[in-house]
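In: below are the sequence and a predicted model; questions follow.
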Amino acid sequence: MSRESICAIVVTYNRKELLLNCLHALLEQSFSLSHIVIVNNASTDGTIDFLAKNGFINNSQFTLLNLPENQGGAGGFYEGIKFAHDNKFDYVWLMDDDGYPDKDCLKNLIPYLSTECYIGPILLDPKTQDKLSFALRIPNSLEIIDNYSNLSTDIKEKNIIEQAIIPFNGTLISMELIKKMGFPIKDYFIWGDEREYTLRAKKYQAKILTVVNSIFYHPLSSSISEPMFFGKLRFNNANSLLKQYCFCRNSFAIFLRYKGFFYAFAFASKAIWFYAFTKPCLKKLKLTLRALWHALRKDFNHHKEYLK
């Protein structure tokens, strides 16, 4: 049986130094990749010349896809996955430019490959190498893990957390699964496309899991996952209006699509409560209401107003 092909897809926008770090980490994997695709989201910081200077253009190991405009992570991953599909790769390994895999990250994912796999690593802050980049909720419980050292002995021995994943950060997906469920939705732009794709994967009976001994480094989330209701709930309070708008719009749309009106209403109530009472901010409250209204109308064009 021939070795199955894995294509890494890295979406980048105006972060050429971080991109370089990610690409070097991909080349240093102990389980070598078949190909690496760089999706350049119309960067304006000289990314193309920078890649040429560092030997990543006219290199058979790499393909550079230059998009005509910034399409966000959603559009970038759409184009990257489409390339891998059209070129008949067996698996795609997805990531943004601001994270990078440990040298054994891919190797430790390989034992869990299947035609239905939708699997990912543990995400750690590279500075502490213990703090999780994003808080991880253990499925079917209220337990939230913030540090690698807080993982239970049972989880570490089992080495997997089923039905839990932080998608598009070292996420390894079978092309057979992608053929069934399609590509990411471009309209979501950022902050929500990966959640929708994960829910869609569940609908198609994907084998979703996090592999505990597979490590991917990512800076601490630029959103602050802040506690509310005495720490029983958390809310992503983003550090930019674009991210906050997309998060609220996309989350509401996703709940309506996959969970129904009750869950969508619960999310809307939580978002409104957070900016009205937990951390009052009139500007973000108005933005949240606007985002919810656009999601209800299925209007996915207004994020462009928040692009710098």
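Out: All right, it came through fine. Just so we're clear, the structure is a prediction, and the values are computed from it rather than from any experiment.

In: can you give me the helices for the stretch 51-200 of the chain?
Out: Under the criterion DSSP state H, counting those that start in this stretch, the stretch 51-200 of the chain contains helices at 72-86, 105-109, 153-158, 175-181, 193-203.

In: buried residues in the third one?
Out: Of all the residues in helix 153-158, those buried under the rule 16 or more other Cβ atoms under 10 Å are Ile155. All C-beta spots, glycine's among them, are computed from the backbone N, C-alpha and C.

In: start at 411, not 1
Out: Will do, 411 is the new start, and the previous item becomes helix 563-568.

In: any weak-confidence spans in this protein?
Out: Applying pLDDT under 70 to the chain flags residues 411-412, 631-634.

In: 90 instead, please
Out: Within the chain, the set of residues satisfying pLDDT under 90 comprises 411-413, 544-555, 630-644, 646, 648-649, 717-718.

In: could you list the domains of the protein?
Out: 416-627, 635-716 (automatic domain parsing).

In: so what's the residue count around Pro690?
Out: Neighbour count for Pro690, taken as other Cβ atoms under 10 Å: 10.

In: picking up where we left off before, out of the helices of the stretch 461-610 of the chain, flag the one nearest Asp556.
Out: The closest of these to Asp556 is helix 563-568. By Cβ to Cβ, the value is 14.3 Å.

In: list the helices and strands the closest one packs on?
Out: When contacts are defined as 3 or more Cβ pairs under 8 Å, 6 or more residues apart in numbering; DSSP states H and E, helix 563-568 sits against strand 617-627.

In: end to end, how far does stretch 645-659 reach?
Out: End-to-end distance for stretch 645-659: 14 Å, by Cα to Cα, to the nearest Å.

In: buried sites along it?
Out: So for stretch 645-659, counting by 16+ other Cβ under 10 Å, buried means 645-648, 652-659.

In: the closest residue to Glu479 other than its chain neighbours and Asp564: what is the separation?
Out: Take Glu479 and drop its neighbours on the chain: the residue closest to it by Cβ to Cβ, 6 or more residues apart in numbering is Ala452, 5.0 Å away. From Ala452 over to Asp564 the distance is 46 Å, taken as Cβ to Cβ, to the nearest Å.

In: one step back: point out the most buried one among the domains of the chain.
Out: domain 416-627 (a mean of 18; mean count of other Cβ atoms under 10 Å).

In: first-to-last residue distance for that domain?
Out: OK, domain 416-627 end separation, Cα to Cα: 20 Å.

In: check stretch 575-594 too.
Out: So stretch 575-594: terminal residues 16 Å apart, Cα to Cα.

In: kindly report the same for stretch 541-556.
Out: End to end - Cα to Cα - stretch 541-556 spans 6 Å.

In: how far does that stretch sit from the chain's center?
Out: Put simply, stretch 541-556 sits 16 Å off its chain's centre (Cα atoms, centre = their mean, to the nearest Å).

In: contact partners of that stretch?
Out: 509, 532-535, 557-558, 561, 571-574, 576, 579, 620, 627-631, 635, 642, 644 (Cβ atoms under 8 Å, 6 or more residues apart in numbering).

In: repeat that with 6 Å
Out: 533, 535, 557, 573-574, 576, 628, 630-631, 635 (Cβ atoms under 6 Å, 6 or more residues apart in numbering).

In: over to stretch 436-455?
Out: 415-424, 426, 457, 472-477, 479-480, 486, 489-490, 493, 513-514, 516-517, 520.

In: next, the angle from the helix or strand containing Ala435 to strand 617-627.
Out: Taking DSSP states H and E as the criterion, Ala435 maps to helix 426-437. Angle of helix 426-437 versus strand 617-627, following axes from the mean of the first three to the mean of the last three Cα atoms, to 10 degrees, is 120 degrees.

In: one step back: tell me the SS of the residue nearest to Glu479?
Out: coil (DSSP: H, G, I helix; E, B strand; the rest coil).

In: next, it: phi, psi?
Out: Dihedral angles of Ala452 (phi, psi; degrees, to the nearest 10) stand at phi 60, psi 50.

In: from Thr422, how far off is it?
Out: The value you get for Ala452 to Thr422, if Cβ to Cβ is used, is 10 Å.

In: mind checking which of the buried residues of stretch 645-659 land in helices?
Out: Among the buried residues of stretch 645-659, DSSP state H puts 652-659 in helices.

In: so the closest residue to Leu474 other than its chain neighbours is in which element?
Out: In space, and not counting its chain neighbours, Leu474 is closest to Ile448: 5.0 Å by Cβ to Cβ, 6+ apart. Assigned by DSSP H and E, Ile448 falls within strand 445-450.
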